[in-house]
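In: Need coordinates for the below:
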Amino acid sequence: MDLEPKFEPQIIAVKHKEKKTILDDPGLIWLFVVILLVLFGLAVSILGDSQKLADNPPIVSEEPTPTETLQPRIYTVSYKSGVFSPTNLRIHAGDTVRFKNQALFSIRIFSDSYLGFDSVGDVPQGSFFSFTFAAKGIFDYYNTNNIEEKGTIIVR
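Out: The predicted structure follows:
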């Protein structure tokens, strides 16, 4: 008889309970964030210095009322069959006039009454010459190829 105890190896599985913390649940984290924001908002509204705001009246700046400013415009004067059309044109300072040559021959536009108002060369058929009027006044112009072909720009 054998008196020695027999030990047989056994596998014992121990189940440990998994510990969950509050931080493992994303819903609780968002609830915590919302509560913090609400508390922060309450603290600002309660502790805010509302008296300072009531003592200072709103600042009203007195800016001058805007005057009607005209945007520069572009006008076209056509030249055809020896005639500028329109012959007389009223514009504002800063406006531009385009002289379009619709004749068969080249023209050169020149003015004795406005320094610099000169096409500085011939304007061929189908082309145009542009000039921006900066000064106010009445300015006569003519075709240097035929001085009888003339017109007037009135700048207000």
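In: For residue 78, pull up the helix or strand it's in.
Out: Assigned by DSSP states H and E, residue 78 belongs to strand 74-80.
In: swap in residue 131?
Out: strand 128-132.
In: what separates whichever helix or strand comes after that strand from the chain centre, distance-wise?
Out: Scanning forward in sequence from strand 128-132 by DSSP H and E, the next helix or strand is strand 137-143. Distance of strand 137-143 from the chain centroid (Cα atoms, centre = their mean, to the nearest Å) equals 38 Å.
In: In strand 137-143, which of the residues would be classed as buried?
Out: Neighbour counts over strand 137-143 (16 or more other Cβ atoms under 10 Å) mark 139, 141-143 as buried. Every C-beta, even on glycine, is put in place using the N, C-alpha and C of the backbone.
In: Can you give the distance of the helix or strand that the strand holding residue 78 is followed by from its chain's centre?
Out: Once strand 74-80 ends, the next helix or strand along the chain (criterion: DSSP H and E) is strand 83-85. With Cα atoms, centre = their mean as the basis, strand 83-85 stands 39 Å off its chain's centre.
In: Could you list every helix and strand in contact with the next helix or strand after strand 83-85?
Out: Going down the chain from strand 83-85, the next helix or strand is strand 88-91, by DSSP H and E. Applying 3 or more Cβ pairs under 8 Å, 6 or more residues apart in numbering; DSSP states H and E, one finds that strand 88-91 contacts strand 74-80, strand 146-155.
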